[in-house]
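Q: what would the 3D arrangement of this be:
(4 chains)
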Number of protein chains: 2
Amino acid sequence: MPSERTRRRIPEATVARLPVYLRILGELADDEVESISSDGLADLAGVNAAKVRKDLSFLGSYGTRGVGYVVAYLVYQVRRELGLTHDWPVVIVGAGNLGHALAGHGGFSQRGFPVAAVVDVDPEKVGSVLGGVLVRHIDELSEIVQSKQINIGVVATSASGAQDAAERLVRAGVTSILNFAPVVLSVPRSVEVRKVDLAAELQILSYYEHRRSLAAHGQGSSHSATVVGLATDNGVARRSANA
Amino acid sequence: MPSERTRRRIPEATVARLPVYLRILGELADDEVESISSDGLADLAGVNAAKVRKDLSFLGSYGTRGVGYVVAYLVYQVRRELGLTHDWPVVIVGAGNLGHALAGHGGFSQRGFPVAAVVDVDPEKVGSVLGGVLVRHIDELSEIVQSKQINIGVVATSASGAQDAAERLVRAGVTSILNFAPVVLSVPRSVEVRKVDLAAELQILSYYEHRRSLAAHGQGSSHSATVVGLATDNGVARRSANA
DNA sequence: ATGCATTCGTGCGCGCGTTCACAAAGCGCG
DNA sequence: CGCGCTTTGTGAACGCGCGCACGAATGCAT
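A: A predicted model of the protein is given here:
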């Protein structure tokens, strides 16, 4: 009966890894693997074994020494901690290219985030159907959010429409936003925002590519001093993935 | 002529913020703003002013005390550091929902990452046109990568196809991968991988929503001890965005 | 020319997250 | 029933990044 107590705060870094563990545990369960060691899980997740143990220890002591973790039980605990014991319907703002793909992407509803609605400012787009959901006008947002008890909104508009979309979402009562537009949203502190910036990701890759090319055909010549240590392995070593 | 030296290593956290600064600086330039202080830039980027100064100091001393930073010059320096002085053509693997959206998304080529090619395993999809690019068969990957000098690959396949896609990309000579599939890719250490996991992002939001709801209608009753500190403002405070 | 206001660049302390290393705990076998 | 093997859970050391606070530099007004 250790279900409702143990409410310690979980570090953000750990929270960010829990979904990864959860996905892997789900796959293991599908393969009828019954238990897994922190070592095995670490391998599959591409992280350090000690980190896995410490992360999981924030949920409680659900492992068995000498054995490992019971997959099914751990799945349940992680899901509970992440609040995945029930579905979280989401509303997508923006029926453009990206909104289209997101609505059609099966992975969402499959993982507990059914697309309850798609809205757009453009009356032209209203009425079409995306991924089985009818596109409605953004003015109906409040009504939709409240009638369907939606807490999470997805901003899939252009950069110029994003701030307005965010404000409408907040006014409608949404308290968490996933933002795909390349802008910094201004929202009340009480609203949680996570950002996915595709161009930024590519630019970060560009940085490392650029650096690599500098190292490769040695920018000047002369000293071989700079050559060592430029192998650009910034941490993350991944072993081949078999348990 | 301080162009080719000054090759100090830049912290990963800073590299991740440079694209944000760059985008904002671009907007300022469009608005014909000539210079900006670290304070103003910090406001627009939603970060601390000291952090902005420290980040920019890794590029060199390009500010003027008492004045700020000259926008145009700073744009140039950030772009140079990120390796954005030339375009980086990318190849997208997977012509499904997501690949479709990415290819059609103008933001990529606009920011220096033109979609040079889209490939897919499914012969059915080969021949169609996505975002002005012809979809070709994945067997032609090596030839495409080499003839078009591509360094960056985007994995937009299903989870089950991702590892194979990554291996083909690596074999073809790609050294950086942006992965949208929810799997941990096994690649040589020398290949840089960045991951974008949409479901994981939603699950992280779910965690905070869940916590909030626990705090809201107090999960058990009894002690009010756990109530304090659950305001869930994990850092990032955003001021309203005017310089 | 001198003083004042502004803003950069950075040394320093602090807190968080990662990793090591080890004791405690459970399992199975003889 | 005890011994040895495995694996967890965690205390402690380390390192990185964040933010404060201040000296240094620059522009402007008088």
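Q: beyond the helix-or-strand element of chain A with minimal mean pLDDT, next helix or strand please.
A: In chain A, the helix or strand scored least confidently by mean pLDDT, DSSP states H and E is helix A:107-110, which has a mean of 88. Using DSSP states H and E, the helix or strand that follows helix A:107-110 in sequence is strand A:115-120.
Q: picking that back up, hmm, who's touching the least confident helix or strand of chain A?
A: For helix A:107-110, the surrounding residues in contact (CB atoms under 8 Å, 6 or more residues apart in numbering or on different chains) are A:Val90, A:Leu102, A:Pro114, A:Val115, B:Pro182, B:Leu198, B:Ala199, B:Leu202. All C-beta spots, glycine's among them, are computed from the backbone N, C-alpha and C.
Q: make sure A:Ala95 is indeed in a helix.
A: No. Counting by DSSP: H, G, I helix; E, B strand; the rest coil, one finds A:Ala95 to be coil, located in no helix.
Q: quick one, helices of chain A?
A: Using DSSP state H, the helices of chain A run over residues A:12-30, A:38-45, A:49-57, A:71-82, A:97-104, A:107-110, A:141-147, A:159-172, A:198-216.
Q: follow-up on the earlier one: list the buried residues of the least confident helix or strand of chain A.
A: A:Gly107, A:Phe108, A:Ser109 (16 or more other CB atoms under 10 Å in any protein chain shown).
Q: now, which of the residues you listed sits nearest DNA strand C?
A: A:Gly107 (24.9 Å; CB to the nearest atom of the strand).
Q: re the thing from before, dump the least confident helix or strand of chain A to CSV, restricted to CA.
A: What follows is helix A:107-110, C-alpha atoms only, in CSV (Å, rounded to 0.1, in the frame of the first residue of the first chain):
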residue,chain,number,x,y,z
GLY,A,107,1.9,7.6,-31.8
PHE,A,108,0.0,10.2,-29.8
SER,A,109,-3.2,8.5,-29.0
GLN,A,110,-1.3,5.3,-28.8
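Q: I'd like the buried residues of helix A:107-110 as TSV, with distance to DNA strand D appended.
A: TSV is the format used below for the buried residues of helix A:107-110 (distance: CB to the nearest atom of the strand, whole Å):
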residue	distance to DNA strand D
A:Gly107	29
A:Phe108	30
A:Ser109	32
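Q: okay, the residues you listed in a markdown table with distance to B:Leu84 next?
A: What follows is the buried residues of helix A:107-110, written out as a markdown table (distance: CB to CB, whole Å):
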| residue | distance to B:Leu84 |
| --- | --- |
| A:Gly107 | 31 |
| A:Phe108 | 33 |
| A:Ser109 | 38 |
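Q: out of the residues you listed, which comes closest to A:Arg212?
A: A:Gly107 (32.2 Å; CB to CB).
Q: distance of that closest one from A:Ser158?
A: 24 Å (CB to CB, to the nearest Å).
Q: with A:Val145 instead?
A: 22 Å.
Q: circling back to that earlier point, and the buried residues of helix A:107-110, which is closest to chain B?
A: Ranked by distance to chain B (CB to the nearest CB), the buried residues of helix A:107-110 are led by A:Gly107 at 5.6 Å.
Q: picking that back up, which of the contacts of helix A:107-110 come close to DNA strand D?
A: Counting by CB under 7 Å from any atom of the strand, nothing from those sits close to DNA strand D.
Q: what parts of chain A come near DNA strand D?
A: Looking at DNA strand D, the residues of chain A close enough under CB under 7 Å from any atom of the strand are A:37-39, A:49-50, A:53-54, A:56-57, A:61-69.
Q: before we move on, back to that, is it possible to get a markdown table of the contacts of helix A:107-110 that adds neighbour count, pLDDT and distance to A:Ala16?
A: Compiled in a markdown table, the contacts of helix A:107-110 are given as follows (neighbours: other CB atoms under 10 Å in any protein chain shown; pLDDT from 0 to 100; distance: CB to CB, whole Å):
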| residue | neighbour count | pLDDT | distance to A:Ala16 |
| --- | --- | --- | --- |
| A:Val90 | 25 | 98 | 19 |
| A:Leu102 | 26 | 95 | 21 |
| A:Pro114 | 16 | 97 | 23 |
| A:Val115 | 21 | 97 | 23 |
| B:Pro182 | 20 | 97 | 14 |
| B:Leu198 | 20 | 96 | 14 |
| B:Ala199 | 18 | 96 | 13 |
| B:Leu202 | 25 | 98 | 12 |
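Q: format those residues as CSV; extra columns: distance to B:Leu22.
A: Putting the contacts of helix A:107-110 into CSV (distance: CB to CB, whole Å) gives the following:
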residue, distance to B:Leu22
A:Val90, 30
A:Leu102, 26
A:Pro114, 36
A:Val115, 32
B:Pro182, 29
B:Leu198, 24
B:Ala199, 29
B:Leu202, 28
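Q: the domain parsing of chain A - what is it?
A: Using automatic domain parsing, the domain parsing of chain A gives A:12-81, A:90-198.
Q: now distance to B:Arg8 too, for the ones you listed, in a markdown table please.
A: Listed next are these as a markdown table, based on distance: least, CB to CB, whole Å:
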| stretch | distance to B:Arg8 |
| --- | --- |
| domain A:12-81 | 26 |
| domain A:90-198 | 25 |
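Q: excluding chain neighbours, what is closest to A:His86?
A: Ranked by CB to CB, 6 or more residues apart in numbering or on different chains and with sequence neighbours excluded, the top spatial neighbour of A:His86 is A:Gly112, at 7.9 Å.
Q: my guess is that neighbour meets A:Thr85, correct?
A: No. Counting by CB atoms under 8 Å, A:Gly112 stays clear of A:Thr85, with 9.2 Å between them.
Q: who's more crowded, these two?
A: Taking A:Gly112 and A:Thr85 together and counting by other CB atoms under 10 Å in any protein chain shown, A:Gly112 has the greater number of neighbours (19 against 11).
Q: near DNA strand C, which residues of chain A?
A: Counting by CB under 7 Å from any atom of the strand, chain A sits next to DNA strand C at A:11-14, A:47-48, A:50-51, A:53-54, A:64-67, A:235.
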